[in-house]
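**Q** what's the 3D shape of this:
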Amino acid sequence: MARCEIVAALLTGRVIALDASVFVYQFRSAIPEINNRNGENINVLQGLFHLTVSLLQNGIKPVYVFDGKPPELKRAVLEKRAMAAGRSKESVLGGPAPQQLDRDLQTLLTHLGVPFIKAPCEAEATCAALVTSGRAWGAATEDMDILPFGGTRMLRHLKADKKLKVEEYNLPKILDKLNMTKEQFVDLCILLGCDYVEKIKGLGPKTALQMMRKHGSIEGILGAINRQKYDVPPEFHYEEARRLFLDPAVADVRTVPLNWANPDEEGLVRFLTHEKHMKEKRVRGRMEKFRAAVAAGKKRKSRPGSVPGRGGKQRKMNEFYPVTKSGTGARPHPGSSCEVSPPAHPEPGHSRSSEHPTSQALGD
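**A** Below is the predicted model:
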């Protein structure tokens, strides 16, 4: 499908919109609790500090987008899932603790000189709007819902290390390969699973794709489906889910200011060390490495024929456009998009930390 792997270093100079909630989830899952003297868990704060400094150091211009109020349809589904998992609804719907965390992260970004946007609703929708409007080159998230929101370039697995591979999904090429309209693709994504409605039990990615190609819409599928074999949820509000994807509430990305400034190291120390009790030596040490890397990059740029990150040596053509391994027949492309072979269709399995059914249907 329209997926390829690119070296993160190729994102240098690009504006990348980041779905803040996805990275918060990653840091909470991957980093052990780091409790300061006040008993606050600052693992997310520390994780975002190191990630953002690394992105800036690598010449990437990040803009973080924070979730606003979730749609009522999403709240109902997430409440049901939380109860089924034995968790409180506040654990997924937010509350005082997540709101305070957002404020702390936004204070951190302000001291780092990095812009952020508070979305009116779903962060993924505003990320998608930033990309389609041309304000951002791509959107970094692990949530495949950004594609039905209309995000034309999605980046997965963005890490601090610029040598690591990043997966790029190109929506126009996906639609072309599937031979679908945007509306049909949205219907397919709803069938594969989203946060607005429960899935039709028994309907996997391969069958959903076949049915969509044959019937053209969810209405057509529901009119032809064998309800003895496929269990349609009693509250399958697919029309409302479709509207939320096709006409989402987003920030006014045409006028929102996106300005980057030099990091305020003293402000960072006051906030991270004096307020949040992160070790000052760690904060200043990371900023010292940042300044040294930026200075070295400027020095390399001043040398004729040199490229940052390669010790002043001229890079080979295949280093600019590396051969990818994302499927048979993959071809490098100057725009960092690859076309690969048609998708395989493994069985579904969905959680935010594992592979999403939408990515499976796209040959992930």
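**Q** roughly how far apart are residue 125 and residue 271?
**A** According to Cβ to Cβ, to the nearest Å, residue 125 stands 30 Å off from residue 271. (Each C-beta comes from the backbone N, C-alpha and C, glycine too.)
**Q** Give the residue from these two that has the larger number of neighbours.
**A** Remark: of residue 125 and residue 271, residue 125 carries more neighbours, 28 against 20, as counted by other Cβ atoms under 10 Å.
**Q** How far off centre is the helix or strand where that one lies?
**A** Here residue 125, judged by DSSP states H and E, is contained in helix 123-132. With Cα atoms, centre = their mean, to the nearest Å as the basis, the distance from the averaged C-alpha position of helix 123-132 to the chain average is 10 Å.
**Q** okay, now the nearest residue to residue 276 once chain neighbours are set aside: neighbour count?
**A** The shortest distance from residue 276 to any residue that is not its chain neighbour, by Cβ to Cβ, 6 or more residues apart in numbering, is 5.4 Å, and that residue is residue 42. Each residue near residue 42 was counted by other Cβ under 10 Å, and the total is 20.
**Q** Likewise for residue 224?
**A** Around residue 224 sit 10 other residues, with neighbours defined as other Cβ under 10 Å.
**Q** repeat for residue 162
**A** Around residue 162 sit 19 other residues, with neighbours defined as other Cβ under 10 Å.
**Q** Could you do the one 3 residues further on as well?
**A** Residue 165 is flanked by 18 other residues according to other Cβ under 10 Å.
**Q** Got phi/psi on the residue lying closest to residue 159 once chain neighbours are set aside?
**A** Distances taken as Cβ to Cβ, 6+ apart put residue 8 closest to residue 159, at 7.0 Å, once the chain neighbours are dropped. According to degrees, to the nearest 10, the main-chain angles of residue 8 amount to phi -60, psi -30.
**Q** Nearest the geometric middle of the chain, what residue?
**A** residue 141 (0.7 Å; Cα atoms, centre = their mean).
**Q** which ones are touching that residue?
**A** Residues in contact with residue 141 (Cβ atoms under 8 Å, 6 or more residues apart in numbering) are 18-19, 22, 124, 127, 154-156.
**Q** before we move on, what about residue 250?
**A** With Cβ under 8 Å, 6+ apart as the criterion, the residues that contact residue 250 are 119-121, 125-126, 128-129.
**Q** packing partners for whichever strand or helix holds residue 155?
**A** Assigned by DSSP H and E, residue 155 belongs to strand 153-156. Secondary structure elements in contact with strand 153-156, counted by 3 or more Cβ pairs under 8 Å, 6 or more residues apart in numbering; DSSP states H and E, are strand 138-140, strand 165-170.
**Q** Can you give me the neighbour number for residue 32?
**A** Using other Cβ under 10 Å, the number of residues around residue 32 comes to 7.
**Q** what's the spacing between the closest residue to it other than its chain neighbours and residue 197?
**A** The shortest distance from residue 32 to any non-neighbouring residue, by Cβ to Cβ, 6+ apart, is to residue 43 (6.8 Å). Summarising the geometry, the distance separating residue 43 from residue 197, computed by Cβ to Cβ, is 33 Å.
**Q** So which of those two has more stuff around it?
**A** Neighbour count, other Cβ under 10 Å: between residue 43 and residue 197, residue 197 has more, with 22 against 17.
**Q** Now do the SS call for that one.
**A** The three-state assignment at residue 197 reads coil, by DSSP: H, G, I helix; E, B strand; the rest coil.
**Q** Would you confirm that it contacts residue 239?
**A** No. No contact is recorded between residue 197 and residue 239 when judged using Cβ atoms under 8 Å, the distance being 9.8 Å.
**Q** Averaged pLDDT, stretch 141-154. What do you get?
**A** Model confidence over stretch 141-154 averages 95 on the pLDDT scale.
**Q** Repeat that for stretch 170-190.
**A** pLDDT averaged over stretch 170-190 equals 96, rounded to a whole number.
**Q** same check, this time on stretch 51-65
**A** Here the mean pLDDT over stretch 51-65 is 96, rounded to a whole number.
**Q** Regarding that stretch, how distant is the last residue from the first?
**A** 15 Å (Cα to Cα, to the nearest Å).
**Q** swap in stretch 249-259?
**A** 23 Å.
**Q** oh, and call the first residue 54 from now on, that's how I've got it
**A** Understood, numbering begins at 54; the last thing we discussed is stretch 302-312.
**Q** residues of it that come out buried?
**A** Within stretch 302-312, the residues scored as buried using 16 or more other Cβ atoms under 10 Å are 303-304, 306, 309, 311.
**Q** before we move on, back to that, now do the helix holding residue 178: which elements does it pack against?
**A** strand 68-72, strand 114-119, strand 191-193.
**Q** what residues does that helix touch?
**A** The contact list for helix 176-185, computed with Cβ under 8 Å, 6+ apart, reads 70-74, 116, 118-121, 170, 172-173, 189-192, 194, 196, 198-199, 202-206, 301-304, 306.
**Q** From those, keep the buried residues only.
**A** Neighbour counting over the contacts of helix 176-185 (16+ other Cβ under 10 Å) leaves 70-74, 116, 118-121, 170, 172, 189-192, 194, 196, 198-199, 202-206, 301, 303-304, 306 as the buried ones.
**Q** about what we covered before: same list (the buried residues of stretch 302-312) but as a markdown table, adding pLDDT, distance to residue 227 and secondary structure.
**A** Compiled in a markdown table, those are given as follows (pLDDT from 0 to 100; distance: Cβ to Cβ, whole Å; DSSP: H, G, I helix; E, B strand; the rest coil):
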| residue | pLDDT | distance to residue 227 | secondary structure |
| --- | --- | --- | --- |
| 303 | 97 | 21 | coil |
| 304 | 97 | 25 | coil |
| 306 | 95 | 22 | coil |
| 309 | 95 | 27 | coil |
| 311 | 97 | 27 | coil |
